[in-house]
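Undergrad: I would like to see how this sequence folds:
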Amino acid sequence: IGSILLIPDFEKYANIGNKFIMIGSAIIFISASWKIYRNGSINTANPSDRHFRLINIVNDIPALSTDICVGLGGAFYFFGVFFSPPNYDTNDFDINISAALCVTGGSFFFLASLFLQFQYYCKHHQ
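TA: The predicted model follows:
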């Protein structure tokens with residue numbers, strides 16, 4: 001919804017669109033963090049053990065990689081939009097920072113999609 005409000009015809013709503021993008025990015029980051037925590041609570045050797053352990057996270061490296069990239073993508077988009085021109089515009093350097101953060105976020109989302117494709121097509125499923 002936020003990106004629709006960034007269309008030039010809706011220019012007067014761009015700030016609202018940015019807020020929606022920031023909210024969505026925060027939700028994505030929190031969701032990815034929760035998935036990492038949840039996966040750390042899955043003990044493949046003892047299914048009744050539901051305590052978080054770092055060793056449990058490495059049981060599924062592709063899923064961990066996907067979730068890390070999704071979380072970082074959400075975080076970089078959040079800060080990229082936070083520093084975007086309607087919110088924080090003092091010079092061209094600030095605009096470039098905003099663009100670089102958003103491009104980095106998009107790159108992490110792209111990497112997450114590659115890890116997800118690996119999970120779907122290359123990883124053995126039980």
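
Undergrad: residue 4 is in contact with residue 16, correct?
TA: No. Using C-beta atoms under 8 Å, residue 16 makes no contact with residue 4, being 10.4 Å away. (C-beta placed from N, C-alpha, C; glycine too.)

Undergrad: neighbour count winner among those two?
TA: Neighbour count, other C-beta atoms under 10 Å: between residue 16 and residue 4, residue 16 has more, with 15 against 10.

Undergrad: what's the single longest helix in this protein?
TA: If you go by DSSP state H, the chain has its longest helix at helix 92-121.

Undergrad: run the chain-centre distance for it.
TA: Relative to its chain's centre, helix 92-121 lies at 8 Å (C-alpha atoms, centre = their mean, to the nearest Å).

Undergrad: quick one: average pLDDT of stretch 73-83?
TA: In this model, stretch 73-83 has a mean pLDDT of 94.

Undergrad: now it - C-alpha only, CSV.
TA: Listed next in CSV are the C-alpha coordinates belonging to stretch 73-83 (Å, rounded to 0.1, in the frame of the first residue of the first chain):
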residue,chain,number,x,y,z
GLY,A,73,16.3,-6.4,3.9
GLY,A,74,13.5,-5.1,6.1
ALA,A,75,15.9,-3.2,8.3
PHE,A,76,17.8,-1.6,5.4
TYR,A,77,14.5,-0.5,3.8
PHE,A,78,13.2,0.9,7.1
PHE,A,79,16.3,3.1,7.5
GLY,A,80,16.5,3.9,3.8
VAL,A,81,12.9,5.2,3.9
PHE,A,82,13.5,7.0,7.2
PHE,A,83,16.3,9.0,5.6
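
Undergrad: which residues are contacting that stretch?
TA: 18, 21-22, 24-29, 32, 87-88, 94, 97-109, 112 (C-beta atoms under 8 Å, 6 or more residues apart in numbering).
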